Structures are given as structure tokens and as C-alpha cells.
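Asks: Test case, fold it:
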Amino acid sequence: AYCLAKDGVGVLVVERGDYSGAKNVTGGRFYLNPVRHLLPDIWDQAPLERYVARERISLMGESSSVSIELSSERFKQKPYHSYTILRGKFDRWLADKVAEVGGMVITKNKVDDLIMEDGKVKGIVAGGDNIYADVAIAADGVMSQMAEKAGLRSSHQPKDFAVSVKEVIELAPQTIEARFNLKEGEGLAEAFVGSLTKGMFGGGFLYTNASSLSLGIVVRILDLMEKDPPIEVPQLLEDFKLRPEIGSLIAGGETIEYSAHVIPEGGINTLPRLYSDGILVAGDAAGFTLNTGITVRGMEFAIASGVLAAKAIKIARERNDFSKQSLSSYESLLKESFVLKDLNTFKSAPRFLDNPRLFTLYPQTVCDVMEKLMLIEDKPKKKMSSTVYNEIRSKLGLFSILKDVLRAFRI
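Replies: Take a look at the predicted model:
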């Protein structure tokens, strides 16, 4: 919307929340480098929280954990490659930028339907009004009813989606910096995997914001449906908060926001069709997210797809042709960009992650091995190599490890 309005194209953004961002939820991590050049004039003003100077991955056993931390001087140099972010602040600011360059943003209105004529999208129905347009951009989130109404996707499958529950916990900036050993402006991003999801596909996350923490947990919907006895994601988050590793970090904080969100996890093989006559699909609605196991990306895909959708619409305007054939330039632009290139590069990631051992045996075994290596008992100690070999062989099995390593090489 910003790109179109800036070039004098009439744009209407329809937002169902009280303000832009009111309904948007994210874990809170934004990789800026891939899109820095697409909107070069706005980033210096953007309300980003902290630049991520340190990365941590924690493997959680039942009563122990092992953390691997990366502290990089490269991450501390401008331009910073990654930031924590709160979408309620960022999206409201971005909507104001759209208005500044002449775009219209209407809040507290839900898009209920598409205007269809002879199988072509001619506009939207919102608040009981028919609003005609040359092109509609479906950016209505993961479940995208508009993409479904346009016939661009079929019904979703539970195996391809996860649900996340998240709290924003308010803490003083000085407290955050002291607890996480950060300097002013620096941030930490931490991912958790292991016993916190009770054997289900998923994990936890923690991001340091300017004056709060984003803490949450993600679990695949299919695993929740099949869990016996059943368990609710909010209870998983409460149990996560009771872990000593987490309790000391959030102590004294006040929960100021609680939210939930569905996340696409299927990768490039589950994308809908991205265009048709009079309509394009962008962001989460298009399934543009990527979980590689150590990074989870989405917002830079959303921004890039929005910018490229605007470019495709400008091309169509020059032709005065908003047909499917004309708007196919959108997919061509995506294929030339990092969006579809990265999704294609990591197309095997969903299959690799669809492995219960990654969320059960591996984290627990690493914790047990480290505990045995570090513990000094009242008896002679075994060789370290014997300790590691015996633990791995008894708990994981060498054949299972080999299969998982071969899968890992595909990503």
C-alpha cells in the first residue's frame, strides 16, 4: 500500500482491528537485511525494539537444559541485521506512513467477501458496502478466507500449521539489560526445543524488547489434535513459565498482552496459487514463512511480497490489463527475489522437522550426556568418549542418528 500510494495509485487498506496491528501477532523477530533495499527511506524511523546482538538455542530436558550461545561482533555493527519487534507498534506506524503518502486506511472493518463477476475479482465487500477495485490484495493472514473464496487454495491441513500462544511481559529496560547481560539497545533472541512441548512438534521463544519480553510457545495443530491425554497450549505456556530457566528471567514482570496466532509450517510445497484475475495473495495469506529449525522467518517475506505485489500492479496498470495473465508478473518477481528462492532452497526443512526425536530424545540425550560429563561422583570416572558413546547408543541408536543426519544434509 505504501509503495502504490507513494506513486500516486489510489489505495484502500481495510483493517478489522481498532488500529493496524491490533490483530497482528508475531514472536517478535524481524530480519531486516533482505528488505532493507526495498524500502530504503523508512527504516531509520521505524519503531523497532532492540537489535539482536546475541543468539541462544536451549535444549530442554525434563529437569535440565543445555544452551548454546552465539555472541557476534558482526551482529553489533551497523546496519544491524536483525531486530526484535512488536507488531502493534510497528504496524500502526506503517499505516500512518501509508496515510502520509496519500493512501486510505479504514479500521474496524472486516472484509466479508469478494465481488466476483464472470469468475473475476472486481473488488471487496466490507461493512455491507461493495468496494470496486482493479486489484484486491489478499493479506488477510494465515487462514485467508479471501484466497479461498477466490479459488486459489483448498482447505488447510492440520499437519501444515502450528498454533502459538504468546505473552508480552513488561520489565524495566535496565532490568532486561542486567538479566541478559546486554548493553543499551542490544537484544537477545532465544529458541527452546525439547520437553516443553511434551513430545509434540514445536518449541518456545523469548525475545527482549525495549521494555518488555516476548515469551511464547508453538505447537503443531495436528499433534495437539492427536495428543492423548489432550493438553491445551495455554497450559504448556504456563508450565514453560514455571521452569527455573524461565522463572528467573521473567520474575517481577507484568503481563501486558496475551495473544495467539496460527502459523504456516508447510513450506513451499503447500503454497496456494498466488494470483488470479483481479487478485494477488501476499504475506501469511500466501504461506510465506520458513522454519529451518534454527531460524524462523516470515515478516521479511511479507514485506517483500507486498512490495513486489505493488510492482506487479504498476506493470498491470501500464497495460491496463488486470487479468490472470497480466498479474502473473507477481510470481515471476517473487521467483527472482529471495522469497521463493529461499523457500525453494529449504523445501526439505518441513520434512526434516517432522521427526519426534528432534523434540524428545535428542534434547534429553544432550542434557544427560552433559550432566554425566560434568558430574563428579564418589567413584572412579569413566572415559569421556565411553560416556558419550554409551549414552547415544542406548538412547538414540546409531541407525536412527544416521537417518536423521542424512535428512539434515538435505537442508
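Asks: Wait, I411 touches T292, no?
Replies: Yes - at 6.4 Å, I411 and T292 qualify as touching, with contact defined as Cβ atoms under 8 Å. C-betas here are computed from N, CA, C, even on glycine.
Asks: shared neighbours, the two?
Replies: Common neighbours of I411 and T292, using Cβ atoms under 8 Å, 6 or more residues apart in numbering, are 346, 349.
Asks: where do the helices sit along the stretch 101-250 of the chain?
Replies: For the stretch 101-250 of the chain, the helices defined by DSSP state H, counting those that start in this stretch cover 145-149, 173-179, 221-226, 233-242, 244-250.
Asks: which of those helices is buried the deepest?
Replies: Mean neighbour count (mean count of other Cβ atoms under 10 Å) peaks for helix 145-149 among the helices of the stretch 101-250 of the chain, with a mean of 19.
Asks: tell me how far that helix is from the chain's mean position?
Replies: 21 Å (Cα atoms, centre = their mean, to the nearest Å).
Asks: what about the longest helix in the chain?
Replies: Counting residues, the longest helix found in the chain (DSSP state H) is helix 299-319.
Asks: and that one, what other elements does it pack with?
Replies: helix 2-6, strand 29-31, strand 136-138, strand 279-281, helix 324-327, helix 329-336, helix 338-345 (3 or more Cβ pairs under 8 Å, 6 or more residues apart in numbering; DSSP states H and E).
Asks: out of those, which comes closest to A189?
Replies: When these are compared by Cβ to Cβ, strand 29-31 sits nearest A189, at 5.6 Å.
Asks: Each with direction, which strands does the closest one pair with?
Replies: Strand 29-31 sits in its sheet next to strand 82-84 (antiparallel), going by DSSP bridges.
Asks: what's the offset of the strand it pairs with from the middle of its chain?
Replies: Chain-centre distance of strand 82-84: 12 Å, with Cα atoms, centre = their mean.
Asks: Give the rounded mean pLDDT of that strand.
Replies: For strand 82-84, mean pLDDT rounds to 97.
Asks: Contacts for the next helix or strand after that strand next, please.
Replies: Sequence-wise, the next helix or strand downstream of strand 82-84 (DSSP states H and E) is helix 87-100. Contacts with helix 87-100, where a contact means Cβ under 8 Å, 6+ apart, come from 1-2, 5, 11, 13, 15, 19-22, 24-26, 42, 45-48, 105, 257.
Asks: List only buried entries from the residues you listed.
Replies: 1-2, 5, 11, 13, 15, 20-21, 24-26, 46, 48, 105 (16 or more other Cβ atoms under 10 Å).
Asks: quick one: which of the residues you listed sit in strands?
Replies: Within the buried ones among the contacts of helix 87-100, residues falling in strands by DSSP state E are 13, 105.
Asks: do you know how far the nearest residue to L308 once chain neighbours are set aside is from I231?
Replies: What sits nearest to L308 in space, not counting adjacent residues and going by Cβ to Cβ, 6 or more residues apart in numbering, is L333, at 4.4 Å. Spatial separation of L333 from I231 under the definition Cβ to Cβ, to the nearest Å is 43 Å.
Asks: Of these two, which one has the most company?
Replies: Looking at L333 and I231 with other Cβ atoms under 10 Å, you find the greater number of neighbours at L333, namely 19 against 16.
Asks: That one is in contact with K311, isn't it?
Replies: Yes - look at L333 against K311 with Cβ under 8 Å: they come within range, at 6.0 Å.
Asks: what residues are up against K335?
Replies: K341.
Asks: mind running it again at 10 Å?
Replies: By Cβ atoms under 10 Å, 6 or more residues apart in numbering, K335 lies in contact with 341, 344.
Asks: can you redo the helices of the stretch 101-250 of the chain as CSV with distance to L188 and mean pLDDT?
Replies: Formatted as CSV, the helices of the stretch 101-250 of the chain follow (distance: least, Cβ to Cβ, whole Å; pLDDT from 0 to 100):
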stretch, distance to L188, mean pLDDT
helix 145-149, 36, 94
helix 173-179, 9, 98
helix 221-226, 28, 96
helix 233-242, 17, 96
helix 244-250, 10, 97
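Asks: Could you say which one of these comes nearest to S323?
Replies: Closest among the helices of the stretch 101-250 of the chain, using Cβ to Cβ: helix 145-149, at 18.0 Å.
Asks: What values do phi and psi take at G10?
Replies: When read as degrees, to the nearest 10, the backbone of G10 gives phi -70, psi 120.
Asks: So what's the predicted local confidence for it?
Replies: The confidence metric pLDDT takes the value 97 at G10.
Asks: How many residues are close by it?
Replies: Neighbour count of G10, defined by other Cβ under 10 Å: 11.
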